[in-house]
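# what follows is a predicted structure for the sequence shown.
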2 protein chains.
Amino acid sequence: MEKPLILVTNDDGIQAPGIKILADALEPLGEVWVYAPDRQQSAVGHGVSLHRPLRVHELRERWYMVDGTPTDCVMLAVRDLLARKPDLVVSGVNPGANLGDDVTYSGTVAGAYEGMLLGICSFAVSDVSYSPVHMETAGRVARAVAESLLRQRLPKDTVLNVNVPDLPYEELRGVAVTRMGKRDYQDEIVRREDPRGGAYYWIGGAEPSHVEEEGTDFEAIEHRKVSVTPLHRDVTNYGALNALNEWALSL
Amino acid sequence: MEKPLILVTNDDGIQAPGIKILADALEPLGEVWVYAPDRQQSAVGHGVSLHRPLRVHELRERWYMVDGTPTDCVMLAVRDLLARKPDLVVSGVNPGANLGDDVTYSGTVAGAYEGMLLGICSFAVSDVSYSPVHMETAGRVARAVAESLLRQRLPKDTVLNVNVPDLPYEELRGVAVTRMGKRDYQDEIVRREDPRGGAYYWIGGAEPSHVEEEGTDFEAIEHRKVSVTPLHRDVTNYGALNALNEWALSL
């Protein structure tokens, strides 16, 4: 039987330590191919490069870097460069949480999301610490998730967002299937002046807080559990349809 | 009473005709401020620029261009540059549909989504034709939606995705509140060679098809209706939680 083909990407760039840890961890499970951005692309969201062409550069066997976003990497690899459709797309390991509303900005999650849109079983994996010291733990968790997903399918139109506490593997307290919590971003805008007196602005990177709610990804992490959140392709707010139907009458 | 403050953005750049049509249409409703990208940013998703600073340039009174994404524009304007919090964020008019899975790539939708995350009533508006000739219709629809949203609130954590048929206003057949349909993208990868024989790749832009389903945004447009889809901040697939809880036991 053919070995499973596993496509690995990330959003921190192909030189980031997390993607090496991830690829190494998945190696025993199949044939691992890496297509990743040539540079830092975090917070790039689900951006795709339609207005410029892309270059692909082979770094070493089965490791390719692309001058684009994580989504570009997955599209190029799946639609053209790989010899066959992958059995799995895994994006990470991201150094830093992708919890709650982070998912909407996250290039890591977008890479996996694109795999799901292409009909492939996919997940994203993040180490929740912004200065991780136990990223191998996330690698081991990713292998366990991947092994399981190669045996059984995910529900339709679903991509998994996996967050792992930054702890030695033995200190994890299990896995929680969670819902997406809510961030409370406090990004200040930092205004500076260049040497010629011109203003420029940084979007501040203060560590965000969140709303304390039961059953969320945040809660799982606080309890030292791996958080597995199923994200849906369909983002309709079905609960709002009735209210809006009345509202639409007044248009 | 103070006039409502309306923030307008887009993803095609501040020079695009759609944003002028939108700002003009909203002018009677309040004080309109425009913060928009300095260039084409479509398909940029919910990207935010954290790794470089941003410049802001005043084009004329209340019109500012930013060298960033639609999300950057909304963050900068709301968190810093505007004197007070807007009453409404409107993103568009996009020339081209944002239907079904388009929303995940769309910079237009992301601009409105960011407004929602900042706690502001927000919507995105698109003319479904990629070569629109009746974009004023979308402007008139946007004014009607905005007027209505200034009177009554949206359901919590909800952003509206409005798509408008490219028809004279009189030929519209009403408004449908819809769910998000599914795209069937057939993007081919186009491989070319530069004059030195090096390969480069375009992500193909073939017009995508979709899955025919009742109640979707696609169906509304086919019936010459304005499609209004409420999108949710929480993208958890609640229907998958039980199946995954069983699955997680095997990890």
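Perfect, thanks for sending it. Numbers count the residues shown, from 1 in each chain, chains lettered A, B, ... in the order given.
# neighbours of the closest residue to A:Ser106 other than its chain neighbours, how many?
Computed as C-beta to C-beta, 6 or more residues apart in numbering or on different chains, the closest residue to A:Ser106 that is not its neighbour in sequence is A:Asn98, at 4.7 Å. (Each C-beta comes from the backbone N, C-alpha and C, glycine too.) The number of residues packed around A:Asn98, counting by other C-beta atoms under 10 Å in any protein chain shown, is 29.
# list the residues that contact A:Asn98.
By C-beta atoms under 8 Å, 6 or more residues apart in numbering or on different chains, A:Asn98 lies in contact with A:106, A:108-109, A:124, A:126, A:161, A:163.
# could you redo the last one with a cut-off of 10 Å?
A:11, A:42, A:91-92, A:104-109, A:124-128, A:161-163, A:217, A:227, A:229 (C-beta atoms under 10 Å, 6 or more residues apart in numbering or on different chains).
# so which of these are in strands?
A:91-92, A:124-127, A:161-163, A:227, A:229 (DSSP state E).
# just give me the closest of those residues to A:Glu171.
A:Asp127 (13.6 Å; C-beta to C-beta).
# leaving out sequence neighbours, find the closest residue to that closest one.
A:Ala138 (4.4 Å).
# surely the one you found meets A:Asp24?
No. Counting by C-beta atoms under 10 Å, A:Ala138 sits too far from A:Asp24 to count as a contact (11.9 Å).
# looking at those two, which is more packed in?
Using other C-beta under 10 Å as the criterion, A:Ala138 and A:Asp24 rank with A:Ala138 on top: 30 against 13.
# can you give me the helices in chain A?
A:17-26, A:70-76, A:102-105, A:107-117, A:135-151, A:217-222, A:241-249 (DSSP state H).
# now do A:Asp12 against B:Leu54, distance only.
Distance check for A:Asp12 against B:Leu54: by C-beta to C-beta, to the nearest Å, it reads 21 Å.
# these two - which one has more neighbours?
A:Asp12 (23 against 19).
# picking that back up, phi, psi for the residue nearest to A:Ser106 please.
phi -120, psi 70 (degrees, to the nearest 10).
# go on, A:Pro4?
phi -60, psi 140.
# show me what contacts it?
Listed by C-beta under 10 Å, 6+ apart, the contact partners of A:Pro4 are A:26, A:29-32, A:86-88, A:146-147, A:149-150.
# any idea how far B:Ile21 is from it?
In terms of C-beta to C-beta, A:Pro4 sits 51 Å off from B:Ile21.
# just A:Asp67 next, same as before
Relative to B:Ile21, A:Asp67 is positioned 35 Å away (C-beta to C-beta).
# now swap in A:Arg196 and tell me
Distance from A:Arg196 to B:Ile21, by C-beta to C-beta: 36 Å.
# and A:Ile21, how many residues sit next to it?
Counted by other C-beta under 10 Å, the residues lying close to A:Ile21 total 22.
# let me know the pLDDT of it.
Here, the pLDDT recorded for A:Ile21 equals 98.
# that one is in contact with A:Val164, isn't it?
No. Counting by C-beta under 10 Å, A:Ile21 stays clear of A:Val164, with 11.3 Å between them.
# which residues do the two both contact?
In contact with both A:Ile21 and A:Val164: A:92-93, A:125, A:127, A:132, A:135, A:137-140, A:142, using C-beta under 10 Å, 6+ apart.
# can you flag the buried ones in the residues you listed?
Buried by 16 or more other C-beta atoms under 10 Å in any protein chain shown: A:92-93, A:125, A:127, A:132, A:135, A:137-139, A:142, out of those.
# pull the most distant pair out of those.
A:Pro132 and A:Ala142 (13.6 Å).
# any common contacting residues for those two?
Joint contacts of A:Pro132 and A:Ala142 (C-beta under 10 Å, 6+ apart) are A:21, A:93, A:164.
# of the buried ones among the shared contacts of A:Ile21 and A:Val164, closest to chain B?
When those are compared for distance to chain B (C-beta to the nearest C-beta), A:Ala142 wins out at 11.1 Å.
# how about the contacts made by the closest one?
Shown in contact with A:Ala142 (C-beta under 10 Å, 6+ apart): A:8, A:21-23, A:25-26, A:29, A:90-93, A:123-125, A:162, A:164.
# nearest to chain B, of those residues?
Distance to chain B across those (C-beta to the nearest C-beta) is lowest for A:Val162, with 10.2 Å.
# burial of the closest one, as a residue count?
Neighbours of A:Val162 (other C-beta under 10 Å): 25.
# and A:Ser122, by the same measure?
Counted with other C-beta under 10 Å, A:Ser122 comes out at 27.
# now it: how far from A:Val89?
As judged by C-beta to C-beta, A:Ser122 and A:Val89 stand 4 Å apart.
# list the residues that contact both of the two?
A:7, A:9, A:74, A:111-116, A:159.
# so where's chain A uncertain?
For chain A, the stretches with pLDDT under 70 are A:1, A:249-251.
# run the last query once more with 90
Low-confidence segments of chain A, defined by pLDDT under 90: A:1-2, A:40-47, A:50-51, A:152-153, A:186-188, A:204-208, A:243, A:245-251.
# list the contacts of A:Glu171.
A:134, A:137, A:165, A:224.
# and which of those residues is nearest to B:Tyr201?
For these, the residue nearest B:Tyr201 by C-beta to C-beta is A:Thr137; the value is 35.8 Å.
# what's the closest non-adjacent residue to that closest one?
For A:Thr137, ignoring the flanking residues on the chain, the nearest one in space by C-beta to C-beta, 6+ apart is A:Tyr169 at 4.7 Å.
# what about that neighbour, how many neighbours?
Using other C-beta under 10 Å, A:Tyr169 has 13 neighbouring residues.
# is the closest residue to A:Leu160 other than its chain neighbours in a bridge, and if so with what?
Excluding its sequence neighbours, the residue lying closest to A:Leu160 (C-beta to C-beta, 6+ apart) is A:Phe123, at 3.8 Å. Beta-bridge partners recorded for A:Phe123 (DSSP bridges): A:Val90, A:Leu160.
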